[in-house]
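Participant: Make a model of this:
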Amino acid sequence: MSKNNRVLTYLINLSFYLYFIILLVERVVSVSLSFANGINIYGNAFDGYVYTLVFLSIVGWLVFLLLKCRDSLKALFIFNENINFNYLCFASGILLLSGMVHTHYTISVVQFISYGILIVGILLKVIMNKGNALLKWLSFSYLVSFSMAIPVMYQSLIEAHVYFHIIEGVASFILVGVFTYLLLLLFNERDDLFISWAIFAAIFFDVTLIIMRWEEEINVFVLIFISLSFVLFLAGTVVKVLNKKKSC
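Facilitator: Take a look at the predicted model:
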């Protein structure tokens, strides 16, 4: 491994851990503020689900990190170029579940900062990856856009709020899982992330949730990024087809 790649590998590993630490701190602070301000975290079914998921996600992440990611932990202090980034991708997905629910004192800006640092790490990995240059950069853009299109759970007061929250919870789990899978593909140097079932799953859940909550509030953020994701998916698919024709 060249010196440049060794540096990039270290920085990518560091970006994962900065993401972990910042998001973990935000989650702990938001929950602590809930307790400090007398919030009954099991006062209703929605809050009960949100806070339970935060607790389980953090515990699951910590257990997985200690069991599977010891090599990357050591690499923060003693350089090791044989880091298993697959495990770090899994760990990021587990912890991300805790960030996809809105507690009473969620600090959204801090969450975006943590995710921004992770994006920098993904960007560095794309720089290291080989393959078709146009495809890999389209895939990177698509992955980032896809992740932004995963809806965060907010409490709704619509008439069908029970069904809405159930669908929202299922969507969160499935789409975080899809994002983690796409991240794994990228870290295994795949330059084509344009898988049809992934984008159509995201469109199905996002459109369903947007329509259900339309009269209460339009989720413009999700609407923008699912639209952008679909455009990038189409662009990537066109590039794939053109590349196949050239190779024939």
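Participant: per-residue pLDDT, the residue lying closest to residue 182 once chain neighbours are set aside?
Facilitator: In space, not counting the residues next to it along the chain, residue 182 is nearest to residue 193; the distance is 5.0 Å by C-beta to C-beta, 6 or more residues apart in numbering. The way it works is simple: take the backbone N, C-alpha and C, and place the C-beta from them, glycine included. In the prediction, the pLDDT value recorded for residue 193 is 96.
Participant: any idea of the pLDDT on the residue nearest to residue 157 when sequence neighbours are not counted?
Facilitator: Leaving out its chain neighbours, the residue that sits closest to residue 157 by C-beta to C-beta, 6+ apart is residue 216, at 6.7 Å. What the model reports as pLDDT for residue 216 is 92.
Participant: Now do the SS call for residue 216.
Facilitator: Assigned by DSSP: H, G, I helix; E, B strand; the rest coil, the conformation of residue 216 is coil.
Participant: which residues touch it?
Facilitator: By C-beta atoms under 8 Å, 6 or more residues apart in numbering, the contact set of residue 216 is 156, 157, 158.
Participant: how near is it to residue 43?
Facilitator: As defined by C-beta to C-beta, to the nearest Å, residue 216 lies at a distance of 21 Å from residue 43.
Participant: Low-confidence bits of the chain, can you list those?
Facilitator: Scanning the chain for pLDDT under 70 picks out 1-2, 80-81, 248.
Participant: domains in the chain, as residue ranges please.
Facilitator: The record's domain parsing of the chain by automatic domain parsing lists 1-128, 131-248.
Participant: Distance-wise, check residue 36 relative to residue 29.
Facilitator: Separation of residue 36 from residue 29 (C-beta to C-beta) stands at 10 Å.
Participant: for residue 74, same thing?
Facilitator: 28 Å.
Participant: With residue 234 instead?
Facilitator: From residue 234 to residue 29 the distance is 40 Å (C-beta to C-beta).
Participant: and what of residue 138?
Facilitator: From residue 138 over to residue 29 the distance is 37 Å, taken as C-beta to C-beta.
Participant: ok, these two, which is more surrounded?
Facilitator: residue 138 (23 against 16; other C-beta atoms under 10 Å).
Participant: The host helix or strand of that one: which residues count as buried?
Facilitator: Element membership for residue 138 (DSSP states H and E) is helix 133-148. With burial defined by 16 or more other C-beta atoms under 10 Å, the residues of helix 133-148 counted as buried are 135-136, 138-148.
Participant: Touching it from outside, list them.
Facilitator: Here helix 133-148 has contacts from 115, 119, 122-123, 126, 129, 178-179, 182-183, 186, 190-194, 198-199, 202, 221-222, 225, 228-229, 232-233, 235-236, 239-240, 243, using C-beta under 8 Å, 6+ apart.
Participant: Among those residues, which lie within helices?
Facilitator: 115, 119, 122-123, 126, 178-179, 182-183, 186, 198-199, 202, 221-222, 225, 228-229, 232-233, 235-236, 239-240, 243 (DSSP state H).
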